[in-house]
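Peer 1: Give me the fold of what follows.
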Amino acid sequence: MIPQWLAEKNNYVPKKDKNSYIEKSIFSIIKIISIIRQNKSQDKLVYSINPTLKVISTILNVILISLSRSFVYLFILDLYVMVNLSLMDKRASKRIILRACIFPFITLIALIPSMFYGNVYNSLLLFQKMITTIFLMNLLSHNTKWSEVCKSLKLLFIPDIFIWTMDITIKYIVLLGEYSINLLYALKLRSIGTTSNKYNSLTAIMGNLFIKSYKISEEMFHAMECRCFVGEYTTKMNLTFKKIDYVYITICILLVSLFIYLNY
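Peer 2: Okay, here's the model as predicted:
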């Protein structure tokens, strides 16, 4: 005899649910991780330049931008940035342009009261400096591997604790990002048809991330002890320049000369 409850049809229909917040969170985390893990092709022109030269040039240009009082010099740097963007992938160049425009425009809106009081030149100069600086830093991050940036910073006598902190931060963003994606997918699958408890579970996800980060930090500490790592980075100086490196050095010298001519 078959029980009556086995003979009944299962007509369960889950309630309408909203997963937009979880889906947007998953998409944003995946986007950040994909940007960090993107493969930088070494065949292209901008990637073949010596990374140490690129780091030194970017730092020098940022210092000169902060000291400059000439719009002409900043516009020429913008042209230099646009040429670099034209040599990159369209998707990466669009991402850089979008990032370089959002925050400076927010700053420009905040500077509107100062412009009404007659401080127009300095406000527009600050706006232009922010755009150019963000462009240069994004170009460096997209055209240079992070490991090469760490080596270059070590050659510039940057303290090891600063390099170690930045290196571990990037790796933790990837590890905890992947772990949070799994937690969000689990929350999405196990809360079908329930809307009230879903948002309350986000605090539990944050707590799990904190516990996971604590466990990872302990495991990393023990791994460093086993490998006798004392926080010191060692690297060798790469002085083998190619033709494109000499062209890059020439452009940097011209930009520095232009800064001296227009500002002094």
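Peer 1: Please count neighbours and contacts with C-alpha atoms only from this point.
Peer 2: Noted.
Peer 1: Low-confidence ranges, the stretch 1-150 of the chain, go.
Peer 2: The model of the stretch 1-150 of the chain has pLDDT under 70 over residues 1, 12-19, 38-46.
Peer 1: Residue 11 and residue 111: what is the separation?
Peer 2: Applying Cα to Cα, to the nearest Å, the value for residue 11 to residue 111 is 61 Å.
Peer 1: swap in residue 72?
Peer 2: Distance of residue 72 to residue 111, computed by Cα to Cα: 21 Å.
Peer 1: Settle it for me: which of the two has more neighbours?
Peer 2: Counted by other Cα atoms under 10 Å, residue 72 and residue 111 do not tie: residue 111 has more neighbours, with 18 against 14.
Peer 1: so the more buried one touches residue 125, yeah?
Peer 2: No: using Cα atoms under 8 Å, residue 111 is not in contact with residue 125; the gap is 11.2 Å.
Peer 1: contacting residues around residue 216?
Peer 2: Listed by Cα atoms under 8 Å, 6 or more residues apart in numbering, residue 216 has no contact partners.
Peer 1: Give the buried residues for the host helix or strand of it.
Peer 2: Using DSSP states H and E, residue 216 sits in helix 196-226. By neighbour count on 16 or more other Cα atoms under 10 Å, the buried set for helix 196-226 is 198, 205, 209, 212, 213.
Peer 1: Need the pLDDT of the fourth one.
Peer 2: With respect to pLDDT, residue 212 scores 86.
Peer 1: Over to the third one?
Peer 2: pLDDT recorded at residue 209 is 85.
Peer 1: and if you look at the first one?
Peer 2: According to the per-residue confidence, residue 198 scores 63 in pLDDT.
Peer 1: How about residues contacting stretch 235-249?
Peer 2: Residues outside stretch 235-249 that contact it (Cα under 8 Å, 6+ apart): 48, 49, 50, 53, 151, 154, 155.
Peer 1: Equivalent analysis for stretch 72-82, please.
Peer 2: The contact list for stretch 72-82 (Cα under 8 Å, 6+ apart) reads 65, 128, 129, 132, 135, 136, 255, 258, 259, 262.
Peer 1: Among those, name the buried ones.
Peer 2: Neighbour counting by 16+ other Cα under 10 Å classes 65, 128, 129, 132, 135, 136, 255, 259 among the contacts of stretch 72-82 as buried.
Peer 1: any idea how far the helix holding residue 216 is from the chain center?
Peer 2: 22 Å (Cα atoms, centre = their mean, to the nearest Å).
Peer 1: got it, and stretch 116-125?
Peer 2: Distance of stretch 116-125 from its chain centroid, counting by Cα atoms, centre = their mean, is 31 Å.
Peer 1: can you tell me the distance between the two ends of it?
Peer 2: Taking Cα to Cα as the measure, stretch 116-125 stretches 15 Å from start to finish.
Peer 1: ok, and for that stretch, which residues are buried?
Peer 2: Buried residues in stretch 116-125, counted by 16+ other Cα under 10 Å: 123, 124, 125.
Peer 1: Need the nearest residue in space to the second one, chain neighbours excluded.
Peer 2: Right, the one you point to is residue 124. Sequence neighbours aside, residue 108 is the residue nearest to residue 124 in space, at 7.7 Å (criterion: Cα to Cα, 6 or more residues apart in numbering).
Peer 1: if we can go back for a sec, and the contacts of stretch 235-249, which two are the farthest apart?
Peer 2: Within the contacts of stretch 235-249, 48 and 154 form the most distant pair, 20.2 Å apart (Cα to Cα).
Peer 1: With neighbour numbers in mind, choose between the two.
Peer 2: Of the pair residue 48 and residue 154, residue 154 is the one with more neighbours under other Cα under 10 Å, namely 21 against 15.
Peer 1: Turn the buried residues of stretch 116-125 into a markdown table, including secondary structure and distance to residue 171.
Peer 2: Putting the buried residues of stretch 116-125 into a markdown table (DSSP: H, G, I helix; E, B strand; the rest coil; distance: Cα to Cα, whole Å) gives the following:
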| residue | secondary structure | distance to residue 171 |
| --- | --- | --- |
| 123 | helix | 38 |
| 124 | helix | 37 |
| 125 | helix | 36 |
